[in-house]
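Asker: how does the following fold in three dimensions:
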Amino acid sequence: MTRLVLWDVDHTLIDTRGVGRELSAVAFSQTTGQPMRQQARIDGITEPVIFRETAKLHGLATDRTDFERFARALAAAHLDRAAELRERGHALPGAAAVLDALTDVGVRQTVVSGNIRAVAELKLQVFGLDAPILWELGAYGEDHDVRADLVDLSLHRAHTAAADAVLIGDTPADVEGAHANGVRVIAVATGRSDEAALREAGAEVVLPGLRDTELLVKLVCSGG
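Answerer: Numbers count the residues shown, from 1 in each chain. All right, here's what the predicted structure looks like:
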């Protein structure tokens, strides 16, 4: 039986409906003194890489200290506008039900996300999805630049073998990061990547979303 589920956040469990990008722009301006005219590719990419590459698009060179300032500003912006995030964004259909159902059958659940931890926590809290998550077992944008390293770190924090874990995410980067560590993937076509792209990336299972709670619990617990 799978003992650990590693959840992605954005477009897997929730959709911020553009609020996330707006808050990134606020934090970018506060950190660099320049408005964010464009943003680097974000799907499946960790927050420090997004910040660094976005800065390059504006002719700026940044270091770790700059990212840490950006991360603090980003967390503060999400806290300040949590009510707006709740009003404009939403939990994806089936997310709450499957989180609760997996908890009920004894599966541990955490988050492996390119978000910094403070933002990941707030996003799930806003939509009432945070209670089943064992945050200390997860891995987040401030931990590593590369998603595969985040998966590896979470396995170590959870003292769990790759064979006893499954990652649920919506991008080819989620698939690649999991497979780099020998972790099985259930991919959901709830983001910008369609089912064909997720199958091509090598996901063992591809679903249209999280609506079928019974099927998801079966897939997680049966290992297939």
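
Asker: drop to CA atoms for contacts and neighbour counts, all remaining ones
Answerer: Will do.

Asker: which strand or helix spans the residue lying closest to I42 once chain neighbours are set aside?
Answerer: Leaving out its chain neighbours, the residue that sits closest to I42 by Cα to Cα, 6 or more residues apart in numbering is I50, at 6.3 Å. Using DSSP states H and E, I50 sits in helix 47-57.

Asker: so how far is that helix off the chain centroid?
Answerer: In terms of Cα atoms, centre = their mean, to the nearest Å, the gap separating the centre of helix 47-57 from the centre of its chain is 17 Å.

Asker: ok, stretch 163-178 next?
Answerer: Mean-position distance between stretch 163-178 and its chain equals 11 Å (Cα atoms, centre = their mean).

Asker: hmm, who's touching it?
Answerer: For stretch 163-178, contacts defined as Cα atoms under 8 Å, 6 or more residues apart in numbering pick out 1-9, 11-12, 43-45, 147-149, 151, 182-193, 197-198, 201-203, 220.

Asker: for PyMOL, what selects the buried ones among those residues?
Answerer: This is the PyMOL syntax for the buried subset of the contacts of stretch 163-178, where burial follows 16 or more other Cα atoms under 10 Å:
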select buried, resi 2+3+4+5+6+7+8+9+11+12+43+44+45+147+148+149+151+182+183+184+185+186+187+188+189+190+191+198+201+202+203+220
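
Asker: which of the contacts of stretch 163-178 fall in helices?
Answerer: Among the contacts of stretch 163-178, the members falling in helices (DSSP state H) are R147, A148, D149, V151, A197, L198, A201, V220.

Asker: list the buried ones in the helix holding I50?
Answerer: Neighbour counts using 16+ other Cα under 10 Å place E47, P48, V49, I50, F51, R52, E53, T54, A55 of helix 47-57 among the buried residues.

Asker: and G223, what's its pLDDT?
Answerer: Looking at G223, its pLDDT stands at 69.

Asker: just checking, what packs against the helix ranked longest in the chain?
Answerer: Looking across the chain with DSSP H, the single longest helix is helix 64-80. Contacts defined by 3 or more Cα pairs under 8 Å, 6 or more residues apart in numbering; DSSP states H and E place helix 64-80 against helix 19-32, helix 47-57, helix 117-126.
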